[in-house]
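Asks: Could you work out the structure for the sequence below:
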Amino acid sequence: MKLLCNITDKDIIGDDRLSEAAPRYTARAILIDQDGYIAVMYSVKYSLYSLPGGEIKEGEEKTEALKRELLEETGCNCEIIDELGYVYENRAHSDFTQYSYYYIAIVSGSKGQPHMTENERSNGTVSEWHSLDETIQLISGPKHEVLQRKFMQRKDMAAFHELMLLLNS
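Replies: Numbers count the residues shown, from 1 in each chain. All right, here's what the predicted structure looks like:
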């Protein structure tokens, strides 16, 4: 899978340090429904829009994890149609490293009800559906002050950048 970008503290706050923490692995998607709308997760508590997906559990394949996470967060089964690439994050300020694998997926069947975790429910997390332009604006628009949100915004926008390159080729 293609590397979309590396994001480090140097990119966000100008700090050259690197974390040596064991990496966390996630799978995320630009999930498109039959009407061309894209799933986006919104956390009321953090005023944060992001792409759906989550942690790959030990022994789980990336695509299995993605399908599980999309069903939990959006209530939708999906068909993965393409790989976009991955983003490597290294956050020395919080001693954290992560690989996020991004895909393009389409909804298969009808939309169901999300099954959020207790943490997601307590954060007021909901799934929404927006046009491509609206989704890009919702994710890229805010000027976040919190470092974690800056990292999340940058990695999701790397996936959209790659999507736009594919659409324009």
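Asks: And the strand or helix carrying Phe151, what's buried?
Replies: Element membership for Phe151, per DSSP states H and E: helix 147-167. By neighbour count with 16 or more other Cβ atoms under 10 Å, helix 147-167 contains the buried residues 148-160, 162-163. (C-beta placed from N, C-alpha, C; glycine too.)
Asks: same thing with stretch 75-90?
Replies: Gly75, Cys76, Cys78, Ile80, Leu84, Gly85, Tyr86, Val87, Tyr88, Glu89, Asn90.
Asks: out of these, who's nearest Glu64?
Replies: Glu64 lies nearest to Ile80 out of these, by Cβ to Cβ, at 10.3 Å.
Asks: For that closest one, list each beta-bridge partner.
Replies: Ala105 (DSSP bridges).
Asks: Of all the residues in the helix or strand of the chain with the lowest mean pLDDT, which ones are buried?
Replies: Counting by mean pLDDT, DSSP states H and E, the chain has its least confident helix or strand at helix 118-122, which shows a mean of 88. Residues Glu120 are the ones in helix 118-122 that count as buried (16+ other Cβ under 10 Å).
Asks: For this protein, which residue occupies the most central location?
Replies: Computing the C-alpha centroid of the chain and ranking residues by Cα atoms, centre = their mean puts Leu51 first, at 3.8 Å.
Asks: quick one: the helices in the chain?
Replies: Counting by DSSP state H, the segments of the chain that form helices are 9-13, 62-74, 118-122, 132-140, 147-167.
Asks: Export these as CSV, with columns for distance to Met1.
Replies: Converted to CSV, these look like this (distance: least, Cβ to Cβ, whole Å):
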stretch, distance to Met1
helix 9-13, 21
helix 62-74, 9
helix 118-122, 27
helix 132-140, 21
helix 147-167, 11
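Asks: and these, which one is worst for confidence?
Replies: Note on the helices of the chain: helix 118-122 shows the lowest mean pLDDT, a mean of 88.
Asks: Figure out how far it is from the centre of its chain.
Replies: Relative to its chain's centre, helix 118-122 lies at 17 Å (Cα atoms, centre = their mean, to the nearest Å).
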